[in-house]
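# sharing a sequence plus its predicted fold:
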Amino acid sequence: MVCSARRGHHGSALKRADAASKETVDTMARLRFLTVQFIDGTSRRFSFPEQADGAGVRQIKLASFFEDRQLIIESEAGLNVFPFENLKAVQLSSESGELDGVQIPPHAIRGATELT
């Protein structure tokens, strides 16, 4: 009887471990990456989880980013505030279709493929 209880316990433990592993893979698949290049030639790279669900919320966040003229990133090291005047470029990864419905400036080029 003890053996069957242990067998059941190990089975549920394995199921929990498998579920946790799948959740980690799902989280990694949803990670976004940000590369910030500064005018002094240095750069920093960050990874972060999805920040907004839905085109409307993404639109508000994008508008706020351009209006505030600073990039604010909370990380394990603390709060990072980068004024636009110190930035040379900001590259943000996005999933396919993630920007559908988000209005970016009319002169922006969409659907480009970077060539090497």
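Yep, that arrived. What you are looking at is a predicted structure, and each value in this text was computed from that prediction instead of being measured.

# for this protein, which segments are assigned as helices?
2-29, 55-68 (DSSP state H).

# residues contacting the closest residue to residue 59 other than its chain neighbours?
Leaving out its chain neighbours, the residue that sits closest to residue 59 by C-beta to C-beta, 6 or more residues apart in numbering is residue 102, at 5.1 Å. (C-beta placed from N, C-alpha, C; glycine too.) Residue 102 makes contacts with 55, 58, 59, 62, as judged by C-beta atoms under 8 Å, 6 or more residues apart in numbering.

# now residue 102: how far from residue 94?
For residue 102, the distance to residue 94 under the criterion C-beta to C-beta, to the nearest Å works out to 9 Å.

# what does residue 66 give?
Look at residue 66 and residue 94: by C-beta to C-beta, they are 16 Å apart.

# again, but for residue 61
12 Å.

# with residue 39 instead?
Note on residue 39: its distance to residue 94, by C-beta to C-beta, is 25 Å.

# do you know how far residue 51 is from residue 32?
Spatial separation of residue 51 from residue 32 under the definition C-beta to C-beta is 7 Å.
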